[in-house]
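Asker: only geometry, no sequence info:
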């Protein structure tokens, strides 16, 4: 599989690393150069939350247009967004905020399309036997890109500044497209006369008609619900409870990215050996409980060990979930179904992060961590009781 599809997966790695570099650049630039935490939140929302508006149309387009064309178009949008960011930092204070937010908006459009298009392309490239492992490998590239992006920004920026960071990200997108020059996919809904709204309703109906697909989608919501509190509460926990210095905080937070990657690799290795439904529900519940304990641990080594467990469980669960959704999605509706997953992966972390921010305003960070973890664990217990089809899902049959 890797020999035949290696160029595609390398393209994924380059594109997602560059994409996360784009997001981090928007956030850090607005925090540091503009000096506004509020605007950095707005920028992040534009760069990663736009799929709640545009993702539905992206799913329809991925079924009506060959997905490889959409991938190239999305990466061109990223390049346009990077041009806006370059103009913002090169042009001085005048128009800095407007150009940065404009670039963030173009990046948000690109994120809305690139995930569903790449997942739809995998559905056409991979054989039935390859579909699950290929999707897990894809998700692993997403996780590796998420971990590599801040490291690359720190390395490049410390030596050459923001302009070089933007240039490296641009090179990543160009190389990602060049690797796909020979890729050919097809439209699976050719000649349709239905409206976009009708096509979107058809996608929802397909998910609703398949109990396993619907429950896997709900499992994705539960899995991603923990990522918002992790991003919002962990830095505060590291500073105020563990009393880590800047270098130690970087290592502590970097451990999460590494353990997520390790979880994705575990999913690839164990996919044929574990019961998927029980692993998904148990993994989310375990991750939530381990997160709840972080607020009660005062020592950095034990806290790091618990955090590694959270990341390992999360990486494993999310990889199995996206592979299951990919395997269950009807071929003619794959773009729309995978767009729903992509929207979930981007919007749920943002919403749960807002909720975690409100919670930590009302109580201490240790209490916020405890109640966030216990609350999610309670929801998982309820889901495990109600979602019988997912409990029975072994994952060993297509």
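Answerer: Structure received. No experiment lies behind these values; they were computed from the predicted model shown.
Asker: For this structure, name the helix or strand with the lowest mean pLDDT.
Answerer: helix 37-48 (a mean of 74; mean pLDDT, DSSP states H and E).
Asker: Now tell me what touches that helix from outside.
Answerer: 22-23, 26-28, 30-31, 34, 97, 100-101, 104-105, 107-108, 111, 346, 350 (CB atoms under 8 Å, 6 or more residues apart in numbering). C-beta: built from backbone N, CA, C; applies to glycine.
Asker: And the residue nearest to the spatial centre of the chain, what's its pLDDT?
Answerer: Nearest to the mean C-alpha position of the chain, counting by CA atoms, centre = their mean, stands residue 345 at 5.0 Å. Reading off the confidence values, residue 345 has pLDDT 87.
Asker: which non-adjacent residue is nearest it?
Answerer: Closest residue in space to residue 345, ignoring its immediate chain neighbours: residue 224 at 5.8 Å, by CB to CB, 6 or more residues apart in numbering.
Asker: mind listing what that neighbour touches?
Answerer: If you count contacts by CB under 8 Å, 6+ apart, residue 224 has them with 318, 344, 345, 348, 349, 352.
Asker: Touching, the third one and residue 112? I think so.
Answerer: No: under the criterion of CB atoms under 8 Å, residue 345 lies out of contact with residue 112, with a separation of 11.6 Å.
Asker: Please spell out the segments of this protein that come in under the pLDDT threshold.
Answerer: 1-3, 37, 92-94, 189-194, 246, 396-398 (pLDDT under 70).
Asker: returning to that earlier point: OK, contacts around the residue nearest to the centre of the chain?
Answerer: By CB under 8 Å, 6+ apart, the neighbours of residue 345 are 115, 220, 224.
Asker: For residue 54, see how far away the nearest residue to the first one once chain neighbours are set aside is.
Answerer: Across the structure, with CB to CB, 6+ apart as the measure, the residue nearest residue 115 apart from its sequence neighbours is residue 342 (3.7 Å). Distance check for residue 342 against residue 54: by CB to CB, to the nearest Å, it reads 11 Å.
Asker: got it, and residue 100?
Answerer: Using CB to CB, residue 100 is found at 20 Å from residue 54.
Asker: neighbour-wise, which of those two wins?
Answerer: Between residue 100 and residue 54, counting by other CB atoms under 10 Å, residue 100 is the more crowded of the two (27 against 18).
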